Every structure is written in structure tokens, then in C-alpha cells.
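In: Here is the input, now give the coordinates:
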Amino acid sequence: MGFTLRGARLVDASTDLPAGDIIVDGEKIQSVGATLTVAGKVIDVSGMIVTPGFIDVHTHGGGGFELHTTKVEQIYAYSRWVASTGVTSYLVAVVGTPNCVPVAQMETAVQAIEHQQDGAEPLGIHLEGPYINVKKRGAHPPEWLRIPDPEETEEVLRVTNGHLRLVTLAPELPGAPEMIKQLVEAQVTVSMGHTEADYQQAKDAFAQGITHVTHCFNAMRPMLHREPGPLPALFEAPKHVKGELIPDGYHVDPAMMRVLVKLLGPDRTIIVTDAQAGAGIPDAVFEFAGQTVYAMCGAARFKDGTLAGSILTLDKGLHNVLELTGVNLQEAITMMTLNPAQSIHVDSRKGLLKTGYDADLLLFDSSLTLQATICRGRIIYATEDWRERFL
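Out: I've put the predicted structure just below:
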């Protein structure tokens, strides 16, 4: 059953239309433009803002639910919860397990992807590690970490059954160039992260096929005037190479957030949460890597103060990006929709308000407070007032 959203400001990476209509037919956008011939139920959204749904390519959970799990119900519950934060699709993050490849967690992710339920769409798997540098391991325990191995890479590809979309690795590790080649040939996006790579090693990694950088500034060498580290190599890389930013104000100082966006550009910056299970829950206490994590003053930390992911949600992230980086709304939306879609190669159906694309839509009021989330044409989240209007 179709419906028409009539009269909203329409904002995506390619357009900012002051007043327009969107016709939804089933799971797809049928038409977009000014003053269309309406179809189905007409919903007056004058004075509101409609954007594509957010795509989070780096998240570990939220709402009390974990994505690195052997319980598929956790992923289904996360899909339903995360729509309330504006996310309409995401990658299921899998990390490490002690002294072995996380096969059971990858199999659980595959099950969730292949047997989806209502809510945000799991687009694939993000394997963050275990092929990362122990010196930049962050919250990842040393016993999780592994050295790249061709046979092990083939096992990972087999277990993930075509659903591996993104792999974060340290390109300076022994065997990493071979792993990068294997993954690129399998059409998997490879990201540099949790790395000790210097400037030249980073340049070499981009030449080898890396097209993504995990949480820029975090878990990598700093940018210094005589030891530039990997970020200047990212800035100089081809335009299709993109970098993540966690805009919670704790992982990266706002001044450096502005530097990153200015040097990388809004068309190459990807906004992510790197959220943990405690995201969206005030004063949450939860576990990661067998250690207790505390939500304290807007950040997720171990008892010793070490950051352990974030508790950011992307609806809050939108406000932070606008307030802390100085970009305009269209640029911020681009960083949260089209850019991640392009990086994981789903931009032929995600990330734009465009005919034939998935009807993943967000409805905001003029203060950019989220009012409704539509995932593939279905209302998954709405305030009480707007749910009544959609009925």
C-alpha cells in the first residue's frame, strides 16, 4: 500500500528542495519532486524536513542490545530499537574472540541478515579486527588479536557467505597486503584502523586497495609536523577513499573535528557512532570484552577511564556535527547517508531521495527533532502524534 508525503523540505546529498513530495510504493520510492500527482494516502508534512535514513557502518549495539553475539534475537531487537534514532540500515559489527576467529558471531550475523525482521536493515558485517595492531588495540583485548593468514581469510569469507561488507585491519601487519588483495577481490571494503602505520605505510595501503579509514584520529598515530602519520595520506588519497568520524565530542576534540572535515571534505567524511550496548540508556552499565563499561558524562569508559566505544546515537550525532563542525544541513546529511552507502557499495539503492531507491526516510521537525522513521516503506518509529497521522 502506497502513500504520499506532501509539502516537506527534501534534503539529501544531491538536492535541497524547499517544498516537495515523495510517493512511496511498497518498499521503494516511486517519485520525488515538487507538486506531484499524489498516490495512496496523502500525509501533509508541510513545515517538516525529510531526509534519507541514516546508515551506520560502525556500531556495536545500543538500547541494551549487542551486535557481537551468538543470540540472533539481540540483533533483531537492535534493528527495532535503532530506528528510533534515525538509523534505517547498518552493519553488524563483529570483533574478536579469545585465540580464535569469531565464527559463531559471524554465523549469527549471517542468520540475522538472511532472515530479516522489521526495523533497520542489517546490510552486512563489519569485522573490526582481529587483525589489528596490539599497540593500538584500544578496548580490544590482546588475546583477541591475530595475524593475517590467507587460509584464515578464506574461512572468514566462507563463513560470512557473501555478507562481509567491511573489514578493519592494520596494514603494517605481516600478511596484511595479501589479505587486502583477497578481500578487495571478494568485493569487500577494506579499512585501515587500530594501526601503527606511518605516512608512507598508509600511502602504500591506499595503493593496495584500502578505501576507508576507521574512526579517524582514534587508535592511530597522531598527526605531527615531522611525523605526519596516516591522516595526511588519507587527505591526499583519491576522492573515493573515505574516513570515519565519531562526533560525540569525546573521541575527537571539536577543533580537530573541524580540521578533519575541512581537509577531508563533507563528501569524504562518514559519520559513525562506534556505539556500544549502553547507547541510548542514561547511566548504563554494560560489558565489552569481558570488562565492565560505564556510561559517564556522555562517554563509554572502562573503570580506568579508557574509552570503550561510545554511547552516541545518530540523531544526537546530527546535532553535534552541525554545531561542532560548521557544515550545513545538506553536508551533514551527506556524511550520514550517501557517503557510508558509497563506501560499502549500496549506493545504487540507499542514501538518496531518488526514484527506485529504498523508501528509507526520516521525518524531522524544524528543530531537527526526529518525528518518524520509515524503513523500506514501513513506519518503524514515530512519535504518538505522527503515528496517528500515518494510520
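In: Model confidence for the closest residue to Ala176 other than its chain neighbours, exactly?
Out: Excluding the flanking residues, the one nearest Ala176 by CB to CB, 6 or more residues apart in numbering is Pro148, at 5.2 Å. In this view, the C-beta of every residue, glycine as well, is placed from N, C-alpha and C. For Pro148, the pLDDT comes out at 97.
In: Give me the helices and strands touching the helix or strand hosting Leu91, please.
Out: Leu91 is part of strand 87-94, with elements assigned from DSSP states H and E. For strand 87-94, the packing partners by 3 or more CB pairs under 8 Å, 6 or more residues apart in numbering; DSSP states H and E come out as strand 54-56, helix 103-114, strand 121-128, strand 370-375.
In: Okay, now the sheet partners of the last one, with direction.
Out: Spelled out, that is strand 370-375. strand 361-364 (antiparallel), strand 378-382 (antiparallel) (DSSP bridges).
In: could I have stretch 164-182 exported to CSV, CA atoms only?
Out: Taking Å, rounded to 0.1, in the frame of the first residue of the first chain, the C-alpha atoms of stretch 164-182 are listed here in CSV:
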residue,chain,number,x,y,z
LEU,A,164,31.1,-9.3,4.6
ARG,A,165,31.0,-5.7,3.7
LEU,A,166,33.8,-4.0,5.7
VAL,A,167,37.0,-5.2,7.4
THR,A,168,39.1,-3.0,9.7
LEU,A,169,42.8,-4.1,9.8
ALA,A,170,46.2,-2.7,10.4
PRO,A,171,48.0,-2.7,7.0
GLU,A,172,51.5,-2.8,8.6
LEU,A,173,51.0,-6.3,10.0
PRO,A,174,52.7,-9.3,8.3
GLY,A,175,50.5,-10.8,5.7
ALA,A,176,48.2,-7.7,5.5
PRO,A,177,48.9,-6.9,1.8
GLU,A,178,47.8,-10.4,0.8
MET,A,179,44.7,-10.1,3.0
ILE,A,180,43.8,-6.7,1.5
LYS,A,181,44.2,-8.3,-2.0
GLN,A,182,41.9,-11.2,-1.1
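In: what comes up buried for it?
Out: 164-173, 175-177, 179-180, 182 (16 or more other CB atoms under 10 Å).
In: ditto for stretch 199-218
Out: Quick answer for stretch 199-218 (16+ other CB under 10 Å): 199, 201-206, 208-218.
In: can you give me the helices for the stretch 201-350 of the chain?
Out: With DSSP state H, counting those that start in this stretch as the definition, the stretch 201-350 of the chain shows helices at residue ranges 230-236, 254-264, 314-325, 329-336, 338-343.
In: Let's have the ones you listed in a markdown table, adding mean pLDDT.
Out: A markdown table is the format used below for those (pLDDT from 0 to 100):
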| stretch | mean pLDDT |
| --- | --- |
| helix 230-236 | 98 |
| helix 254-264 | 98 |
| helix 314-325 | 98 |
| helix 329-336 | 98 |
| helix 338-343 | 98 |
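In: nearest to Glu388, of these?
Out: Closest of those to Glu388 is helix 314-325, at 21.2 Å (criterion: CB to CB).
In: For that closest one, give me every contacting residue.
Out: The contact list for helix 314-325 (CB atoms under 8 Å, 6 or more residues apart in numbering) reads 54, 56, 85-87, 247-249, 254, 257-258, 261, 271, 273, 312, 327-329, 332-333, 335-336, 368, 370.
In: Give me the buried entries from the residues you listed.
Out: Buried among the contacts of helix 314-325 (16+ other CB under 10 Å): 54, 56, 85-87, 247-249, 257, 261, 271, 273, 312, 327, 329, 332-333, 335-336, 370.
In: Would you map the strands across the stretch 201-350 of the chain?
Out: Taking DSSP state E, counting those that start in this stretch as the test, the strands found in the stretch 201-350 of the chain are 212-213, 242-245, 269-271, 285-288, 291-296, 299-301.
In: just the ones you listed: most buried one?
Out: Highest mean neighbour count of the strands of the stretch 201-350 of the chain: strand 269-271, a mean of 28 (counted as mean count of other CB atoms under 10 Å).
In: Domain parsing of the chain, as residue ranges.
Out: Domain segmentation of the chain under automatic domain parsing yields 3-52+351-390, 54-343.
In: Out of those, which one sits most buried?
Out: Of the domains of the chain, domain 54-343 is the most buried (mean count of other CB under 10 Å), at a mean of 20.
In: which one of the strands of the stretch 201-350 of the chain lies closest to Tyr76?
Out: Closest among the strands of the stretch 201-350 of the chain, using CB to CB: strand 285-288, at 18.6 Å.
In: what pairs with the closest one, and is each one parallel or antiparallel?
Out: strand 291-296 (antiparallel).
In: same question for the strand it pairs with, mean pLDDT?
Out: 90.
In: And stretch 354-373, by the same measure?
Out: Per-residue scores along stretch 354-373 average to 98.
In: okay, how far is it across that stretch, tip to tip?
Out: Criterion CA to CA, to the nearest Å; first-to-last residue distance in stretch 354-373 is 17 Å.
In: Stretch 112-120 too?
Out: For stretch 112-120, the end-to-end distance is 12 Å (CA to CA).
In: Stretch 157-177 now?
Out: 16 Å.
In: Looking at the helices of the stretch 201-350 of the chain, which is nearest to Leu157?
Out: helix 338-343 (19.1 Å).
In: elements contacting that closest one?
Out: strand 54-56, strand 242-245, strand 269-271.
In: ok, 7 Å please
Out: strand 269-271 (3 or more CB pairs under 7 Å, 6 or more residues apart in numbering; DSSP states H and E).
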